[in-house]
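A.B. asks: 3D, please:
(one chain, ligands or ions: 1)
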Amino acid sequence: MKISILTIFPDMFPAAFADGMIRVARDKGQLELDVVALRDFTDDAHRTTDDYPFGGGAGMIMKIEPIDRALASLGLPDKGRRPPGTRVLLTSPQGRRFTQDVAIEYAGLGHLVILCGRYKGVDERVTEQFVDEEISIGDYVLSGGEPAALCVVDAIARLLPGVVGAFDSVESDSFHSGLLDCGYYTRPAEYRGWKVPDVLLSGHHAMIAKARREESLRRTFERRPDLLEHAELSDDDRRFLRALARGAGERG
Ligand code: ADE
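C.D. replies: Modelled structure (predicted):
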């Protein structure tokens with residue numbers, strides 16, 4: 001898979017791309033990353049990428065020409081004529097919420113282009129003519145889309161084949177199954193009197209799996225009950241959740 005990032009701050013990326021799972025994905029040949037500096041596609045002495053909004057108002061707007069030229073340099077045809085498997089995103093607080101499901105969807109694409117929005121936004125014609133989808137990483141406003149692009153790249157990189165060691169480890173992630181993941185412990189089994197739950201040391205795999213599942217359900221119930229509406233739940237899960245709800249009712 002190839003991800004191209006269009007940005008006015010290309011220096012924000014190399015360190016983040018040189019370590020961790022993103023590096024593993026690149027080393028394994030699963031991910032090609034390409035950072036495109038929008039200022040290289042300007043034609044004035046000041047290398048201007050933004051301008052004042054028509055009609056007035058506060059804030060600067062990213063100009064269309066450098067973005068159009070940068071996209072053309074990637075050999076991408078116009079929207080509507082792009083090959084399947086190609087997607088152009090714009091980072092924006094007004095976009096579709098980026099979730100694990102969206103990361104899984106993007107991990108199946110051949111070429112993802114992420115345009116990092118800045119300032120007050122981009123010329124609306126960019127969105128209309130070039131952008132397939134606006135994407136937001138949460139309900140807060142960043143000063144620019146670069147951190148959002150990093151989040152998207154990281155979440156995708158670890159989903160690419162062979163990147164995360166045990167496949168299991170992606171499957172059990174929070175959200176992957178529709179629930180939050182349980183907590184984990186490692187050695188030592190006791191530290192300053194703080195003990196690891198006995199069941200985890202029991203060697204009894206079925207009991208461990210049950211305890212983990214219940215902890216996952218408990219966390220989701222307490223922290224993100226909205227997720228339970230769409231999670232895949234067994235009869236046992238539902239029984240456990242009903243008991244939790246009764247307990248919560250009694251406490252409340
Ligand atoms: N740009 C500014 N805020 C953003 C957000 N929450 N998500 C994506 N891009 C953004």
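
A.B. asks: partners of the top strand by length along the chain in the sheet?
C.D. replies: The single longest strand within the chain, with elements called by DSSP state E, is strand 86-97. With DSSP bridges as the test, strand 86-97 is paired with strand 111-115 (parallel), strand 133-136 (parallel).

A.B. asks: report whether the first one contacts the ligand.
C.D. replies: Right, strand 111-115. No: contact of strand 111-115 with the ligand (Cβ under 6 Å from any ligand atom) is absent, the minimum separation being 9.9 Å. Any C-beta I mention is one placed from the backbone N, CA and C, and that applies to glycine too.

A.B. asks: can you pull the buried residues of that strand?
C.D. replies: 111, 112, 113, 114, 115 (16 or more other Cβ atoms under 10 Å).

A.B. asks: the shortest one now?
C.D. replies: Of the residues in strand 133-136, 134, 135, 136 count as buried by neighbour count, 16+ other Cβ under 10 Å.

A.B. asks: quick one: average pLDDT of it?
C.D. replies: For strand 133-136, mean pLDDT rounds to 98.

A.B. asks: on that earlier part again, let's have the strands paired with strand 86-97 in TSV, adding distance to residue 172.
C.D. replies: TSV is the format used below for the strands paired with strand 86-97 (distance: least, Cβ to Cβ, whole Å):
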stretch	distance to residue 172
strand 111-115	25
strand 133-136	25
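
A.B. asks: so for the longest helix along the chain, what gets flagged as buried?
C.D. replies: In the chain, assigned by DSSP state H, the helix with the most residues is helix 205-223. Using 16+ other Cβ under 10 Å as the burial criterion, the residues of helix 205-223 that qualify are 211, 212, 213, 214, 215, 216, 217, 218, 219, 220, 221.

A.B. asks: just the C-alphas of that helix, formatted as CSV.
C.D. replies: Coordinates of each C-alpha in helix 205-223 appear next as CSV, following Å, rounded to 0.1, in the frame of the first residue of the first chain:
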residue,chain,number,x,y,z
HIS,A,205,-6.9,-21.2,29.5
ALA,A,206,-10.7,-21.3,29.4
MET,A,207,-11.0,-19.5,32.8
ILE,A,208,-8.4,-16.9,31.7
ALA,A,209,-10.4,-16.3,28.4
LYS,A,210,-13.6,-15.9,30.4
ALA,A,211,-12.0,-13.5,32.9
ARG,A,212,-10.6,-11.4,30.1
ARG,A,213,-13.9,-11.4,28.2
GLU,A,214,-15.7,-10.2,31.3
GLU,A,215,-13.2,-7.5,32.0
SER,A,216,-13.6,-6.4,28.4
LEU,A,217,-17.3,-6.2,28.9
ARG,A,218,-17.1,-4.5,32.2
ARG,A,219,-14.8,-1.8,30.8
THR,A,220,-17.0,-1.2,27.8
PHE,A,221,-20.1,-1.1,30.0
GLU,A,222,-18.4,1.5,32.4
ARG,A,223,-16.5,3.6,29.9
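
A.B. asks: which element follows that helix toward the C-terminus?
C.D. replies: Later in the chain than helix 205-223, the nearest helix or strand by DSSP states H and E is helix 235-251.

A.B. asks: got the CA coordinates for stretch 75-92 in PDB?
C.D. replies: C-alpha atoms of stretch 75-92 as PDB (Å, rounded to 0.1, in the frame of the first residue of the first chain):
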ATOM      1  CA  GLY A  75      -0.200  11.100 -11.500                       C
ATOM      2  CA  LEU A  76      -3.700  11.000 -10.100                       C
ATOM      3  CA  PRO A  77      -6.500  11.700 -12.500                       C
ATOM      4  CA  ASP A  78      -9.400  13.900 -11.400                       C
ATOM      5  CA  LYS A  79     -12.000  12.800  -9.000                       C
ATOM      6  CA  GLY A  80     -14.500  10.400 -10.600                       C
ATOM      7  CA  ARG A  81     -11.800   9.000 -13.000                       C
ATOM      8  CA  ARG A  82      -9.400   7.600 -10.400                       C
ATOM      9  CA  PRO A  83      -8.700   3.900 -10.300                       C
ATOM     10  CA  PRO A  84     -10.500   1.800  -7.700                       C
ATOM     11  CA  GLY A  85      -8.400   1.500  -4.600                       C
ATOM     12  CA  THR A  86      -7.300   5.200  -4.700                       C
ATOM     13  CA  ARG A  87      -8.800   7.600  -2.100                       C
ATOM     14  CA  VAL A  88      -8.000  11.300  -1.500                       C
ATOM     15  CA  LEU A  89      -8.700  12.500   2.100                       C
ATOM     16  CA  LEU A  90      -8.700  15.900   3.600                       C
ATOM     17  CA  THR A  91      -8.100  16.200   7.300                       C
ATOM     18  CA  SER A  92     -10.800  18.400   8.900                       C
END
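
A.B. asks: thanks a lot, catch you later.
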